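> sequence plus the predicted model coming up.
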Amino acid sequence: MVENRPFLTFLTHLILIFGVLTVVFPVYLAFVASTRGATDFMTGIVPLLPGDQLSANYGYLLGSGESTAGAPPFMLMLANSLLMAILIAIGKIAISIISAFAIVYFRFPLRVLAFWVIFMTLMLPVEVRILPTYKVVADLGMLNSYSGLVIPVIASATATFLFRQFFLTVPEEMMEAARVDGAGPMKFFRDILLPLSRTNIAALFIIMFIYGWNQYLWPMLITTEPHYYTVVMGIKRLASVLDGDTQWNLVMAGVILAGLPPVLVIIFMQRLFVKGLVETEK
Amino acid sequence: MASIDVENVGKIYTGGVRAVTDIKLNIADGEFIVLVGPSGCGKSTLLRMIAGLETISEGEVKIGSRVVNNIEPADRDIAMVFQNYALYPHMTVYNNLAYGLKNRGTPKAEIDARVAEAARMLEITQYLERKPRALSGGQRQRVAMGRAIVRKPAAFLFDEPLSNLDAKLRVSMRGEIKRLQRRLGTTSIYVTHDQLEAMTLADRLVVLNGGRIEQIGAPLEVYHAPASTFVASFIGSPAMNLVKGELHGDRLAIGPAMIGLNGFAPTSGAVTVGVRAEDMRIAAPDEDALPFRLEYTEELGAQRLIHGLIGDQQITVAVSPEIVLSPEMRIAVDAKRLHFFAADTGKRLPGNVPAEAKLAPAEPVV
């Protein structure tokens, strides 16, 4: 906007500040709650200032876990979640980039059909096919295992579609130049396409990592051993204790812990993302 | 270094669309051949079949003495320069040049030496560590040529390499391509739709139309004795005037006018008459002449193009800017400068090849 009126400046800031507060306040409340003792919530009034139980709460949660709620130590669940999210993100990218490569650069029978079949699965979220998937995974004996957590959600139509769209924008001459330069298909893929896809890979990694991290229903269904619990499930377990009051300070500490890694991934990967955007040019 | 023989080659795309028909072309070692024609004439398809980027539906292509129909582009010993350069954007200029050599397992020291030599030749040594995006259009074009040169292939294939450059740069790069090709003596095939580029670069021109060869010949040969009305209108600027005429014995009737031919008439009856703008002049008062009604003029500096009508047929005449113009003029032309084409097929009628076409093309100074 070219307009420069003090009142408008004031108003826009006011709206912005209101927006920021709306987003930040619940997170702040969660943080405050996670620093308080268990008894601070008995009164029914939510405290607004941090308490002194920060290290106690987090230490307890990370180290021993809330055994009465049936939750293992958070350290283990964080590690599980991290492993699952990373494997899902890497797996999704690896599988979809290779399928997109096949669809775009090779001429084989039923190529178009294959693409549309992949594309149609975009319409089927995990929840829709969860029962047949459960049956298959159970029959394969993959309940309570990392492979069971990861493999059923590892294919991605979205990522395949995005890579396909990107490959279509790479000029055909690039592939022909590589052919004349003596690069076979796989060499072309490794030396030319992969480096050119860097930004797409970074962006998809962020999206897929968060997707993997936030998985709730699927891990809930197939893990019965605490050893394989993920952190998102863990919060649920903390919140619903069988007898007695919910330990809100611990629940909130769990929420904060579960929220941190995705934030870190975004902060760290965004640099790579922006750097890639600046450096790449077709 | 190698000769290239294209024997009865044709291309039919899936779906039955025919792009190229029965091309026969023998290219000598070290020759610079230009394939020229309007868009869609099959010139790029032919080049890409020689490169191995398109399969050959009919006939065979030989590079040296080897039939290459089923050989991968990389193993055909050719290098190609693309219209949009097709440089690898994420690699430095050095790596762009070296990539083809690395893939062939050339020793590091030799790669260094060859890249350095090519870079010196193309004057891009100071850009070797840059990425393509930091280069101007002309520099990218040089890198694309460097990528071909370092390989020391048997043949260079150029696919409209200059069409992305501005007019001035195009002229200077054109000179440079010619100079490099002379220096390296590598057989080259160059595709363009620009007849000027074709005339200036070629040892021999191949004019294509509708997937067939219309004419093969040295630039001057093609210019002075076009084999068909298509070639006549495509080569030369301004395009050759083509008008309908009728031969009566030794006289030619164009519309209402009639001129004597001094024995140059190849046949009789209806013909298409071709005459270049620069072969016509303002007639002296006692000469046989064609009445010309002036419509508009174009100034080229050294020349002035005057456009007008003879009878009801449009023609263009190139005259010196000093000549005084009037709305009605009389135009004369030497009978030996006229080109006659069959009225129905458009093929050149024999018997009137101008003397200039028989001259040997100017020997290039190396």
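Thanks, I have it.
> what count of nearby residues applies to B:Arg48?
19 (other C-beta atoms under 10 Å in any protein chain shown). C-betas here are computed from N, CA, C, even on glycine.
> what do you get for A:Val170?
17.
> quick one: it from B:His90, how far?
11 Å (C-beta to C-beta, to the nearest Å).
> what do the two both touch?
The overlap between the contact sets of A:Val170 and B:His90 (C-beta atoms under 8 Å, 6 or more residues apart in numbering or on different chains) consists of A:Leu196.
> quick one: A:Asp191 from chain B, how far?
7 Å (C-beta to the nearest C-beta, to the nearest Å).
> likewise for A:Val153?
Note on A:Val153: its distance to chain B, by C-beta to the nearest C-beta, is 32 Å.
> could you do A:Leu193 as well?
10 Å.
> and that residue, how many neighbours does it have?
So A:Leu193, with other C-beta under 10 Å, has 22 neighbours.
> what do you get for B:Ser39?
8.
> B:Asp194 is in contact with that one, correct?
No: counting by C-beta atoms under 8 Å, B:Ser39 stays clear of B:Asp194, with 11.4 Å between them.
> and the helices in the stretch 51-200 of chain B?
Secondary structure of the stretch 51-200 of chain B, counting by DSSP state H, counting those that start in this stretch: helices at B:93-103, B:108-122, B:137-149, B:167-184, B:195-201.
> nearest to B:Ala19, out of the ones you listed?
Closest to B:Ala19 of the helices of the stretch 51-200 of chain B is helix B:195-201 (C-beta to C-beta; 20.1 Å).
> contacts for the closest one, please.
B:32, B:34, B:36, B:162, B:170, B:174, B:177-178, B:190, B:192, B:205, B:219, B:223, B:234-237.
> that older thread, could you dump the helices of the stretch 51-200 of chain B into CSV and include mean pLDDT, mean neighbour count and distance to B:Val67?
Listed next are the helices of the stretch 51-200 of chain B as CSV, based on pLDDT from 0 to 100; neighbours: other C-beta atoms under 10 Å in any protein chain shown; distance: least, C-beta to C-beta, whole Å:
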stretch, mean pLDDT, mean neighbour count, distance to B:Val67
helix B:93-103, 95, 22, 23
helix B:108-122, 94, 16, 29
helix B:137-149, 92, 23, 23
helix B:167-184, 91, 15, 25
helix B:195-201, 92, 20, 28
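> tabulate the ones you listed (a markdown table), appending distance to A:Ile118.
Formatted as a markdown table, the helices of the stretch 51-200 of chain B follow (distance: least, C-beta to C-beta, whole Å):
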| stretch | distance to A:Ile118 |
| --- | --- |
| helix B:93-103 | 32 |
| helix B:108-122 | 41 |
| helix B:137-149 | 36 |
| helix B:167-184 | 45 |
| helix B:195-201 | 46 |
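> check which helices and strands the lowest-mean-pLDDT helix or strand in chain B sits against.
One helix or strand of chain B scores below all others by mean pLDDT, DSSP states H and E: strand B:257-260, with a mean of 84. Contacts defined by 3 or more C-beta pairs under 8 Å, 6 or more residues apart in numbering or on different chains; DSSP states H and E place strand B:257-260 against strand B:251-254, strand B:290-299.
> spell out which parts of chain B neighbour chain A.
B:51-53, B:72-75, B:78-80, B:82-84, B:86-90, B:99-100, B:103-104, B:133, B:147 (C-beta under 8 Å from any C-beta of the partner chain).
> helices of the stretch 1-150 of chain A, start to end?
Under DSSP H, counting those that start in this stretch, the stretch 1-150 of chain A gives helices at A:6-34, A:54-63, A:74-105, A:111-120, A:130-139, A:146-150.
> out of the ones you listed, nearest to B:Arg114?
Of the helices of the stretch 1-150 of chain A, nearest to B:Arg114 by C-beta to C-beta is helix A:74-105, at 29.6 Å.
> and that closest one, how far out from the chain middle?
10 Å (C-alpha atoms, centre = their mean, to the nearest Å).
> next, see if that helix gets close to chain B.
No: figure legend: helix A:74-105 not in contact with chain B (C-beta under 8 Å from any C-beta); closest approach 13.5 Å.
> pLDDT averaged over that helix - what is it?
In this model, helix A:74-105 has an average pLDDT of 93.
> buried residues in it?
A:74, A:76-78, A:80-82, A:84-93, A:96-97, A:99-104 (16 or more other C-beta atoms under 10 Å in any protein chain shown).
> now the least confident helix or strand of chain B: buried residues?
Here strand B:257-260 shows B:Ala257, B:Ile259 as buried, counting by 16+ other C-beta under 10 Å.
> got the CA coordinates for that strand in PDB?
What follows is strand B:257-260, C-alpha atoms only, in PDB (Å, rounded to 0.1, in the frame of the first residue of the first chain):
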ATOM      1  CA  ALA B 257       3.400  -6.000 -71.100                       C
ATOM      2  CA  MET B 258       5.600  -7.900 -73.500                       C
ATOM      3  CA  ILE B 259       9.400  -8.100 -73.500                       C
ATOM      4  CA  GLY B 260      11.900  -9.800 -75.800                       C
END
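> and after it, which helix or strand comes next?
strand B:269-275 (DSSP states H and E).
> ok, so what distance separates the residue in the stretch 1-150 of chain A that chain B sits nearest to from B:Thr14?
The nearest approach of the stretch 1-150 of chain A to chain B comes at A:Arg107, 9.6 Å away (C-beta to the nearest C-beta). Counting by C-beta to C-beta, the separation of A:Arg107 from B:Thr14 is 10 Å.
> and B:Lys102, by the same measure?
Counting by C-beta to C-beta, the gap from B:Lys102 to B:Thr14 is 35 Å.
> so the residue most central in space within chain A is in which element?
Ranked by distance to the mean C-alpha position of chain A (C-alpha atoms, centre = their mean), the top residue is A:Ile210 at 1.2 Å. Secondary structure from DSSP H and E places A:Ile210 in helix A:198-213.
> and the gap between A:Val263 and A:Tyr216?
For A:Val263 relative to A:Tyr216 (C-beta to C-beta), the value is 18 Å.
> typed the wrong thing, it's B:Val231
74 Å.
> cool, A:Met77 as well?
13 Å.
> mutual contacts of these two, please.
A:Met233.
> tell me the confidence at residue 125?
I'll assume chain A. Model confidence at A:Pro125 (pLDDT) stands at 75.
> try chain B instead
93.
> and it, what does it touch?
Going by C-beta under 8 Å, 6+ apart, the list of residues near B:Thr125 reads B:Ala116, B:Ala119.
> quick check, A:Asp245 in a strand?
No: using DSSP: H, G, I helix; E, B strand; the rest coil, the assignment for A:Asp245 is coil, not a strand.
> now do it: how many residues are near it, please.
10.
> buried residues of stretch B:276-289, list them for me.
Going by neighbour count (16+ other C-beta under 10 Å), the buried part of stretch B:276-289 is B:Arg276, B:Ala277, B:Asp279, B:Met280, B:Arg281, B:Ile282, B:Ala283, B:Asp288, B:Ala289.
> give me the mean pLDDT for it.
87.
> which residues sit against it?
Counting by C-beta under 8 Å, 6+ apart, B:236, B:238, B:240-241, B:257-260, B:290, B:303, B:305, B:315-319, B:323, B:329-334, B:337 sit against stretch B:276-289.
> ok, now which ones touch the closest residue to A:Ile97 other than its chain neighbours?
Nearest residue to A:Ile97 in three dimensions, chain neighbours excluded: A:Phe163, at 5.1 Å (C-beta to C-beta, 6 or more residues apart in numbering or on different chains). Residues counted as contacts of A:Phe163 (C-beta under 8 Å, 6+ apart) are A:Ser96, A:Ile97, A:Ser99, A:Ala100, A:Phe101, A:Ser197, A:Asn200.
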